[in-house]
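Asks: requesting a structural model of the entry that follows:
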Amino acid sequence: MVTSDRITQLVEKLKEQGTKYVRFEMPDLHGVSRLKVVPTDKVEGYTRKGLNFYGGTLALDTASTVVPGSGYHAETKYRDHILIPDLDTLTPVPWLENTVKVICDPYMSLEEPIPAAPRYVLKQVLKEAAQSGFDVMMGHEFEFYLLHAATKEPLFNGLHIFNHIRNQYVPEIDQLLAYLQDSGIDIITHNCEYAPSQFEINFGPAIGIRGGDKAFTFKNAVKEITHRLGYQATFMSKPAANLSGSCCHFHISLLDRSTGENVFGDPKDKYGLSATAKAFIQGILDHASAMMPLIGPTPNCYRRLKPHTFAPSNISWGAEDRSAMIRVKGTGDESTHLEMRAASGLSNPYLTAAATIAAGLLGVKQQRELPPSVEGPSEDNPNLPKLPQNLEQALAGLAADTEMREMLGEEFCQLFTTVKSFELSRFHSHVTDWERQEYLDIY
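Replies: Here you go, the predicted model:
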């Protein structure tokens, strides 16, 4: 918990800086920011005692429907929980006047964190890594579409990746980049992507929970800023059948906690990889099916995972192989890392990180042997096992993997599975436009 002196000093500093409001933001199950706006003179009390929040917020589905049987609604008499701010995450909200934000963890009481919260799940997996002697360097790389708010249509047509006109097609993109940097996002590159009006903004990696926090801040900032600028940004995996999918490429390496050195590199190895890196890769391959619902949490995500789309379709690895689930960036030095390419752009960054790290650590603990990568693009090899083809198969993979469930926590797995199963029941009961167009006249 935060010391009393630090809280007092923080509030005094906020007042000196002219801050009028602090947003208490909680990452929900889907990676969306749920928040309350607190006037600065009320911040000290809520930081000490917690800010009351509906206790079932984590158990709302993507439509904010109350999910029965989750354990967090009727089962608790719809009680509140409290938000405890992590003061190290305090950052400006530059598109609002005199406003800052802080990321919060949900607690049932001051001494009782909620183990199903995604940020808590990642923290626990990072503790497992620390106990094994590792810190985790991570970075999330997202693609998204920028659309006209009224029509939901792209700003431009055609396939023009890196095109100089489309990179900064409207001046609001420049404003977006400026706001992101002012909010603490250390942008590395920005460019238009392959599909019409699809973009990618990359930012630097971070160690531990700050990697998840940065990705959470980035995604929610992009959504909010573009809305205020008169556009709509979407990280949806496949917004239309004729458009490219949007990914989250998750970059990761392990660092020796005592020296800070990257333990993944070995310049003498054929692939530039250490034995630890190879075991970590094999752990991901072993537990890929259980990872999938966390990194592809909606039915729409599985429309993206098709061959010859720069997205993986099977459980595979390869050096610089853009078609593989794990693309190895094996430079043999401090830059050596893995790129896990199966996650959707809409995935919760805390859960993408938690699933990848948990699976990799299992491989390291069990000293798993990594077979050689296949020749040619992995997607063209029929002998490699396929990734789950839909969310039902992915949830079954998580249910069957006791090791992953133990790493992620049973309470989280139970809540996550219940919410996702409820969403699936709504999905399957919906009559689509395709069905009406296909069957209404002929039958």
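
Asks: residue 261 touches residue 336, doesn't it?
Replies: No: counting by Cβ atoms under 8 Å, residue 336 is not a contact partner of residue 261; they are 10.9 Å apart. No exception for glycine: its C-beta is placed from N, CA and C like everyone else's.

Asks: more neighbours: these two, which one.
Replies: residue 336 (23 against 12; other Cβ atoms under 10 Å).

Asks: how about the contacts made by the more buried one?
Replies: By Cβ atoms under 8 Å, 6 or more residues apart in numbering, the residues touching residue 336 are 253, 262, 264-265, 272-273, 277, 329-330.

Asks: which other helices and strands contact the strand ranked longest in the chain?
Replies: Ranked by number of residues, the top strand in the chain under DSSP state E is strand 134-148. Judged by 3 or more Cβ pairs under 8 Å, 6 or more residues apart in numbering; DSSP states H and E, the packing partners of strand 134-148 are helix 118-131, strand 198-203, strand 206-207, helix 209-228, strand 231-234, strand 247-256, helix 349-365.

Asks: residue 407 is nearest to which of these?
Replies: Proximity to residue 407 (Cβ to Cβ) singles out helix 349-365 among the helices and strands packed on strand 134-148, at 3.9 Å.

Asks: CA-only coordinates of the closest one in PDB, if you can.
Replies: Backbone C-alpha positions of helix 349-365 (Å, rounded to 0.1, in the frame of the first residue of the first chain) are rendered in PDB as follows:
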ATOM      1  CA  PRO A 349      -2.700  -6.200 -23.400                       C
ATOM      2  CA  TYR A 350      -2.400  -7.500 -19.800                       C
ATOM      3  CA  LEU A 351      -3.900 -10.900 -20.800                       C
ATOM      4  CA  THR A 352      -1.800 -11.200 -24.000                       C
ATOM      5  CA  ALA A 353       1.300 -10.700 -21.900                       C
ATOM      6  CA  ALA A 354       0.200 -13.000 -19.000                       C
ATOM      7  CA  ALA A 355      -0.700 -15.800 -21.400                       C
ATOM      8  CA  THR A 356       2.500 -15.600 -23.400                       C
ATOM      9  CA  ILE A 357       4.700 -15.300 -20.300                       C
ATOM     10  CA  ALA A 358       2.900 -18.100 -18.400                       C
ATOM     11  CA  ALA A 359       3.300 -20.500 -21.300                       C
ATOM     12  CA  GLY A 360       6.900 -19.600 -21.900                       C
ATOM     13  CA  LEU A 361       7.800 -20.000 -18.200                       C
ATOM     14  CA  LEU A 362       6.300 -23.500 -18.200                       C
ATOM     15  CA  GLY A 363       8.600 -24.400 -21.000                       C
ATOM     16  CA  VAL A 364      11.600 -23.100 -19.200                       C
ATOM     17  CA  LYS A 365      10.700 -24.800 -15.900                       C
END
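
Asks: off-centre distance for it?
Replies: Relative to its chain's centre, helix 349-365 lies at 13 Å (Cα atoms, centre = their mean, to the nearest Å).

Asks: can you name every helix or strand that the next helix or strand after it contacts?
Replies: Sequence-wise, the next helix or strand downstream of helix 349-365 (DSSP states H and E) is helix 391-400. Helix 391-400 sits against helix 288-295, helix 402-408, helix 410-429, with contacts defined as 3+ Cβ pairs under 8 Å, 6+ apart.

Asks: buried deepest among those, which one?
Replies: Mean neighbour count, computed with mean count of other Cβ atoms under 10 Å, is highest for helix 288-295 among those, reaching a mean of 27.

Asks: tilt between that helix and helix 118-131?
Replies: 140 degrees (axes from the mean of the first three to the mean of the last three Cα atoms, to 10 degrees).

Asks: now helix 288-295 - C-alpha only, CSV.
Replies: Output of helix 288-295 as CSV, limited to C-alpha atoms (Å, rounded to 0.1, in the frame of the first residue of the first chain):
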residue,chain,number,x,y,z
ALA,A,288,-0.8,-22.3,-27.7
SER,A,289,-4.4,-23.6,-27.6
ALA,A,290,-4.9,-22.5,-24.0
MET,A,291,-3.4,-19.1,-24.8
MET,A,292,-5.8,-18.4,-27.7
PRO,A,293,-8.9,-17.3,-25.9
LEU,A,294,-6.9,-14.7,-24.0
ILE,A,295,-5.1,-13.4,-27.1
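
Asks: host element of residue 188?
Replies: With DSSP H and E as criterion, residue 188 is part of strand 187-192.

Asks: which elements pack onto that strand?
Replies: If you count contacts as 3+ Cβ pairs under 8 Å, 6+ apart, strand 187-192 packs onto helix 164-167, helix 171-182, strand 198-203.

Asks: and among these, the most buried is which?
Replies: strand 198-203 (a mean of 21).
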